[in-house]
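Novice: pasted the sequence and its predicted model underneath.
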Amino acid sequence: MERFFISTSEKPPATAKVYALGTFDGVHVGHMELLREALRLARDRGARSGVYTFNVHPLAVLNPSQAPQLLTSLDDRLKLIEKAGIDTAVVQSFDMTLAGMSQEDFVAGVLVSALSAEHVVCGFDYTFGRHGVGTARELVTICARHGIGVTVVPPVTEAGTTVGSTAVRAALARGDVALVSRLLGRPHFVRGIVERGRGVGRALGVPTANLRLPQGYAIPSSGVYAVRAHWGDSMHATAVCNIGVRPTFGDEARGVTCEVHLVDACADLYGEILVVEFMARLRNEKRFAGPADLREQIASDIEAARTLVGPGVYTQCHLC
């Protein structure tokens, strides 16, 4: 997939004819409907398909204190979009100039002049233009004046929930990673660098990789999870992940940590980038009477992870 990064008033060196529009945070099953529709329309025209998105969430510029935690980094967003089959991604630098465009100026300046779009696809709740007051219905009206077709994709529901990035974040905040997987169409994952910790897990006989996660990204609520861990070019293993403050050892003041114990695998991961896919929630984090009780519980967690995810080392990454 070709990737073009542009600022306001710039035109990418190559364009598509059909574009899916949106922020695409998480690339959930609702987003996938947009991408599939853009692919179908482009194929019918014998043309290239594209995505028009932003480098940051608009609220990170307009109102940083209200900006949501992100589900995916820009690079992971683009990888997931590419995996869906899109030919071209145009990533717009979101700034106050773009934010100040009227609805008419956005269509004329971006969709017509910069993208040379013939047809665009958006969600039912798509907004655009100054203050985000433009609606999907208004996009249809304005685009018609410029000879651009518009397809508005209706809401997608899963497990009785209208799919959206906000719904995914809410489920993560509850630790409901099973629902999150259904809303995303895949397990939620986090990516971070393994750094040295206090060695508490090693002392218990269950060494853990301490994951330093980037700020501003959504993680599941505190608890213990069965996960898949991925590192290097092709290494994948079942693992147990603890997100929390390790109350048994009085570590509350250190804040929330993310620790990963590989099951049936051993690797020196210091300095490695580790990707963790959340497969199932095992239990809440709790304070144990002492290390022996915690060790016994961890052994039970490991067996549960083997049952839910599978034993051994995997050879396939589900992310990219």
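Specialist: Great, that's in hand.

Novice: so what's I273 up against?
Specialist: Contacts here follow C-beta atoms under 8 Å, 6 or more residues apart in numbering; on that basis I273 touches 191-194, 231. For the C-beta atoms, the positions are set from N, CA and C on the backbone; glycine is no exception.

Novice: in the stretch 51-200 of the chain, mark out all the strands, start to finish.
Specialist: Under the criterion DSSP state E, counting those that start in this stretch, the stretch 51-200 of the chain contains strands at 88-92, 119-123, 149-153, 157-158, 161-162, 189-195.

Novice: from G123, how far out is E33?
Specialist: As judged by C-beta to C-beta, to the nearest Å, E33 and G123 stand 8 Å apart.

Novice: looking at the two, which is more packed in?
Specialist: Neighbour count, other C-beta atoms under 10 Å: between E33 and G123, G123 has more, with 21 against 18.

Novice: skipping its backbone neighbours, what lies nearest the more buried one in space?
Specialist: V153 (5.4 Å; C-beta to C-beta, 6 or more residues apart in numbering).

Novice: so the one you found makes contact with D125?
Specialist: No - the criterion here is C-beta atoms under 8 Å, and V153 misses it with D125 at 10.0 Å.

Novice: more neighbours: which of those two?
Specialist: V153 (22 against 14).

Novice: who's in contact with the more buried one?
Specialist: V153 touches 30, 33-34, 37, 121-124, counting by C-beta under 8 Å, 6+ apart.

Novice: list buried residues within these.
Specialist: Buried members of those, counted by 16 or more other C-beta atoms under 10 Å: 30, 33-34, 37, 121-123.

Novice: turn the residues you listed into JSON lines, including pLDDT and distance to I6.
Specialist: Shown next, in JSON lines, are the buried ones among the contacts of V153 (pLDDT from 0 to 100; distance: C-beta to C-beta, whole Å):
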{"residue": "G30", "pLDDT": "97", "distance to I6": "25"}
{"residue": "E33", "pLDDT": "97", "distance to I6": "26"}
{"residue": "L34", "pLDDT": "98", "distance to I6": "20"}
{"residue": "E37", "pLDDT": "98", "distance to I6": "24"}
{"residue": "V121", "pLDDT": "98", "distance to I6": "20"}
{"residue": "C122", "pLDDT": "98", "distance to I6": "19"}
{"residue": "G123", "pLDDT": "97", "distance to I6": "22"}
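
Novice: go through these and say which is closest to L139.
Specialist: Among the buried ones among the contacts of V153, C122 lies closest to L139 (C-beta to C-beta), at 6.3 Å.

Novice: list the beta-bridge partners for the residue lying closest to the closest one once chain neighbours are set aside.
Specialist: Spatial nearest neighbour of C122, excluding adjacent residues (C-beta to C-beta, 6+ apart): L21 at 4.6 Å. Applying DSSP bridges to L21 yields these beta-bridge partners: Y52.

Novice: about what we covered before: would you mind giving the contacts of I273 as JSON lines with neighbour count, distance to E104 and pLDDT added?
Specialist: JSON lines is the format used below for the contacts of I273 (neighbours: other C-beta atoms under 10 Å; distance: C-beta to C-beta, whole Å; pLDDT from 0 to 100):
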{"residue": "R191", "neighbour count": "18", "distance to E104": "40", "pLDDT": "94"}
{"residue": "G192", "neighbour count": "20", "distance to E104": "43", "pLDDT": "93"}
{"residue": "I193", "neighbour count": "16", "distance to E104": "46", "pLDDT": "94"}
{"residue": "V194", "neighbour count": "20", "distance to E104": "50", "pLDDT": "93"}
{"residue": "W231", "neighbour count": "20", "distance to E104": "49", "pLDDT": "91"}
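
Novice: closest one to L98 out of the residues you listed, please.
Specialist: R191 (28.0 Å).

Novice: count the residues that sit near the nearest residue to the closest one once chain neighbours are set aside.
Specialist: Nearest residue to R191 in three dimensions, chain neighbours excluded: V275, at 4.9 Å (C-beta to C-beta, 6+ apart). By the measure other C-beta under 10 Å, the count of residues near V275 is 21.

Novice: in the chain, which helix or strand is least confident?
Specialist: strand 313-314 (a mean of 56; mean pLDDT, DSSP states H and E).

Novice: remind me which residues of the stretch 201-320 of the chain are low pLDDT?
Specialist: 201-205, 246-255, 289, 312-320 (pLDDT under 70).

Novice: ok, 90 please
Specialist: 201-209, 213-215, 232-236, 244-257, 264-270, 285-299, 310-320 (pLDDT under 90).

Novice: now do the same contact list for R45.
Specialist: Counting by C-beta under 8 Å, 6+ apart, R45 touches 17-18, 118-119.

Novice: in JSON lines, list these along with pLDDT.
Specialist: Shown next, in JSON lines, are these (pLDDT from 0 to 100):
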{"residue": "K17", "pLDDT": "96"}
{"residue": "V18", "pLDDT": "98"}
{"residue": "E118", "pLDDT": "97"}
{"residue": "H119", "pLDDT": "98"}
